[in-house]
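Enquirer: Kindly generate the corresponding structure for this input.
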Amino acid sequence: MRTEQQELTTALEKNPDDAECYCQRAYAHILLQKYADAVADAKKSLQLNPSNAVALLRKGLGEYHIKNYASALESFREGQRLDNVDDTFTIWIKRCEETLNVSFSSKYVLLFETKVGKFEP
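Expert: Residues are numbered from 1 along each chain as shown. Alright, predicted model coming up:
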């Protein structure tokens with residue numbers, strides 16, 4: 001995978017306006033678990049081609065894995081608007097919503113317990 005990543009980097013040096021190469025390199029970064037790099041490349045791909053649903057999927061995946069769930073959810077929803085056939089967006093939207101709801105609920109319980117003391121049934 002690193003070889004493919006290097007080949008894509010070389011291709012981008014020759015043609016820095018190739019949205020598809022940025023999108024493919026974002027995928028390589030995801031496979032290498034370099035999620036911040038994946039987000040950066042997906043964003044660059046989207047600057048060059050704003051209607052690329054695959055780049056939005058890869059941006060969302062990167063954001064999800066760096067725990068930026070709200071941004072990931074936004075990326076997945078935007079991608080789904082562009083490509084409402086791919087169920088992958090629906091799956092990741094649900095995952096983000098569940099994660100955000102759990103996170104919000106946990107914070108609310110902690111805040112409540114801090115203000116009024118622990119609840120004892």
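Enquirer: Show me the shaky parts of the chain.
Expert: 1, 103-121 (pLDDT under 70).
Enquirer: let's see it at 50
Expert: 116, 121 (pLDDT under 50).
Enquirer: Using the three-state scheme, assign the nearest residue to residue 80 once chain neighbours are set aside.
Expert: In this structure, residue 80 finds its nearest non-sequential neighbour in residue 89, 3.8 Å apart by CB to CB, 6 or more residues apart in numbering. For the C-beta atoms, the positions are set from N, CA and C on the backbone; glycine is no exception. Under DSSP: H, G, I helix; E, B strand; the rest coil, the three-state class of residue 89 is helix.
Enquirer: ok, now which ones touch residue 89?
Expert: Residue 89 makes contacts with 53, 57, 76-77, 79-80, 83, as judged by CB atoms under 8 Å, 6 or more residues apart in numbering.
Enquirer: rerun that using 7 Å as the cut-off
Expert: By CB atoms under 7 Å, 6 or more residues apart in numbering, residue 89 lies in contact with 57, 76, 79-80, 83.
Enquirer: Quick check: residue 78 vs residue 52, distance?
Expert: Here the criterion is CB to CB, to the nearest Å. By it, residue 78 lies 11 Å from residue 52.
Enquirer: Same drill for the two, tell me which one is more crowded.
Expert: residue 52 (21 against 17; other CB atoms under 10 Å).
Enquirer: Thank you, goodbye.
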